[in-house]
Every structure is written in structure tokens, then in C-alpha cells.
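Asker: Got a sequence here, can you model it:
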Amino acid sequence: MKEGDFREDVLDLALSHSGIHGFRKAFLLKLAQISRQLPFFILHFYKFTSPRFILFSVDDNIWIRPFLLEDIYPVLESEQRVFGFSFRLGQNTTYCYPQDKPQRLPVFDLLSPGIMRFKWTTADGDFHYPFDVSSSIYPFPLILRLLLRTKFSNPNNLESRLAAKTIRSQKCLDHLCCYSASVAFCNPLNRVADNQMTNRAGEQYACSNEYLSQLFKEGFRVDLSMLQGMSPQSCHQEVEFHFTNEDSPADVLN
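Answerer: Alright, predicted model coming up:
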């Protein structure tokens, strides 16, 4: 679909995938424009035909290890105090890139081989940030209610406002889960909009979106094979991209 108003697009997609269509969807979208409270209560009367969970990811996400969603669903369904499952956190993420400082690892509880639980409300750095749009999965009905009750206009304030709302009001969901080693990270090489000017990015390996766009038009693609299996020290870590040309695999651009 063609992008229009960011919030309306997100809500339209979320409601469509929830099985709410036609007049009911239009009704909820209208309520979401005029009230941040009423949709929360009305949703209790809707029977969802939606998927149980929602996975967020962004364009600078890099997935570095295989994983199975089937391993994650039972955890989110059985752990009553777990808010979500982060793919970007792990015992390897000892540095907080946005704050530019080391972060303490929380106390982990091993739930099953390779899957851990921790209390985010008392954690440090990225471990204390309960909601993100870069590689985490959450219960869909809960996130849909939060989306309908929150004003946002771009991915940045969608994340920051839902994280702040979660910190204030979701203390009963005071745990997150993750793999023992993160399976994804963000490579923040540039900013793509003025509203992202406060985000730290491109300090070591700056790579403009115009440059990347030109490479793409010329047939170059990021060589992700060089990043598979790496162990990032942070959820956000600048890594130099290497490129291959799909028309000439031997042609490599550093």
C-alpha cells in the first residue's frame, strides 16, 4: 500500500489483520481520532480473528542467527508477566549505543534452552526499554489497544510513546524474554527523516540513503553473509557494509 498518514496507515493495517473490517473498522478509526480512552474499552466487545502476536522490524535490522517463532509463542502464552520477546537483546549486549555507555546485564531466568526471562522494570540501558519497533514480538491485542490510545506520527515517536506508556502503566507485565545470544541488531548508518535528528547514527560508518539508493539502482546489494553469526555488543551497532553486484558476483564494493 502507498504510504499516507503514518498513524492511520498503521491502525488500518492492524485492524485489517485483526479481522475487523468495513463499518466496524471505520468506526474504531474514527474513535481513535477523537478519543484515547474509548477504543480501549470497546475492543473488549470485539472478537478477534487476528494472529495472536505482532512482530516489529525496521529497515536497518539485520538478522544474524536462525530462530523459530514456534519456540517463542509458548513462552508468550504461558508467562503471565511477560510483555514481549526481544530478538535484539542477549547476554552479548553489554553496551547501550543510544546512551554511549556500558550497560549491566540483568538477572536472567532460564526458561528453556537458549531462552531467558528478565525483569525489565529494574534493568539498565536497553534492557529497561520495554517496547521497540526493531525486532521484538508482542501480544497483538495488547499492542492494538495501545496503538489506538496513542498519538504518533512516525516510527520514532510510535516507539518512544508506547515505551513511555508501557513504563507508566504496564508494571504488571514487568518481564521481557530474549535469546541467550541476540539474533538481530540494528546498523544505524544514517538518518532518513528530520524527525530522527536526535538519534545517534553514522558516527563511524556513515552511509547516506542517497548513496545506498544509487548503489541499489546499479545492482549492488549488501553482502549479509559477512554478518551472519556475529555477536554484536549492542542492540544498535555500526558495522561497515560490503556490497556485491548481482549482475557480476565477483564485483565487490567496500
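
Asker: who touches the strand or helix carrying residue 177?
Answerer: Using DSSP states H and E, residue 177 sits in strand 175-179. Residues from elsewhere that reach strand 175-179 (CB atoms under 8 Å, 6 or more residues apart in numbering): 65, 67, 72, 75-76, 79, 81-90, 111, 114-120, 127, 130. C-beta coordinates here come from the backbone N, C-alpha and C atoms, glycine included.

Asker: Show the average pLDDT along the helix or strand just after it.
Answerer: Next helix or strand after strand 175-179 toward the C-terminus (DSSP H and E): strand 184-186. The average pLDDT within strand 184-186 is 96.

Asker: Can you tell me how far residue 113 is from residue 165?
Answerer: Per CB to CB, to the nearest Å, residue 113 is found 33 Å from residue 165.

Asker: Which one of these two is surrounded by more residues?
Answerer: Just comparing residue 113 and residue 165: by other CB atoms under 10 Å the higher neighbour count belongs to residue 165, 15 against 7.

Asker: Run a quick check on the more buried one versus residue 146, I expect a contact.
Answerer: Yes: assessed by CB atoms under 8 Å, residue 165 is found in contact with residue 146 at 6.2 Å.

Asker: The nearest residue to residue 84 once chain neighbours are set aside: what secondary structure?
Answerer: Take residue 84 and drop its neighbours on the chain: the residue closest to it by CB to CB, 6 or more residues apart in numbering is residue 138, 4.0 Å away. For residue 138, the secondary structure call by DSSP: H, G, I helix; E, B strand; the rest coil comes out as strand.

Asker: Over to residue 90?
Answerer: Residue 90 - assigned by three-state DSSP - is coil.

Asker: do the same with residue 192
Answerer: Here residue 192 takes the coil state, with states given by three-state DSSP.

Asker: Let's see the pLDDT reported for it.
Answerer: 74.

Asker: so what's it up against?
Answerer: Here residue 192 is in contact with residue 209 (criterion: CB under 8 Å, 6+ apart).

Asker: Contact partners for residue 124?
Answerer: Contacts for residue 124 (CB under 8 Å, 6+ apart) come out as 96, 103-104, 106.

Asker: would you turn the residues you listed into TSV with pLDDT?
Answerer: Formatted as TSV, those follow (pLDDT from 0 to 100):
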residue	pLDDT
96	97
103	98
104	97
106	97
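
Asker: ok, residue 164 - how many residues close by?
Answerer: By other CB under 10 Å, 14 other residues sit near residue 164.

Asker: Tell me the spacing between it and residue 146.
Answerer: For residue 164, the distance to residue 146 equals 11 Å [CB to CB].

Asker: picking that back up, mean confidence (pLDDT) on the strand holding residue 177, please.
Answerer: 96.

Asker: Can you give the strand pairings for it, parallel or anti for each?
Answerer: Strand 175-179 has the following strand partners under DSSP bridges: strand 82-86 (parallel), strand 115-119 (antiparallel).

Asker: do you know which of these lies nearest residue 11?
Answerer: Ranking these by proximity to residue 11 (CB to CB) places strand 82-86 first, at 19.5 Å.

Asker: Can you list the strands that the helix or strand following the closest one pairs with?
Answerer: Going down the chain from strand 82-86, the next helix or strand is strand 95-96, by DSSP H and E. Strand pairing for strand 95-96, determined by DSSP bridges: strand 101-102 (antiparallel).

Asker: ok, residues contacting the partner strand?
Answerer: 94-96, 125.

Asker: and with 10 Å instead?
Answerer: If you take CB atoms under 10 Å, 6 or more residues apart in numbering as the criterion, strand 101-102 is touched by 94-96, 124-125, 233-234.

Asker: Would you mind listing the buried residues in the host helix or strand of residue 30?
Answerer: Taking DSSP H and E as the criterion, residue 30 maps to helix 22-34. Across helix 22-34, burial judged by 16 or more other CB atoms under 10 Å covers 25, 28-29, 31-32.

Asker: Then stretch 113-125?
Answerer: For stretch 113-125, the neighbour count (16+ other CB under 10 Å) marks 115-121, 123, 125 as buried.

Asker: Fine by me, we can end here.
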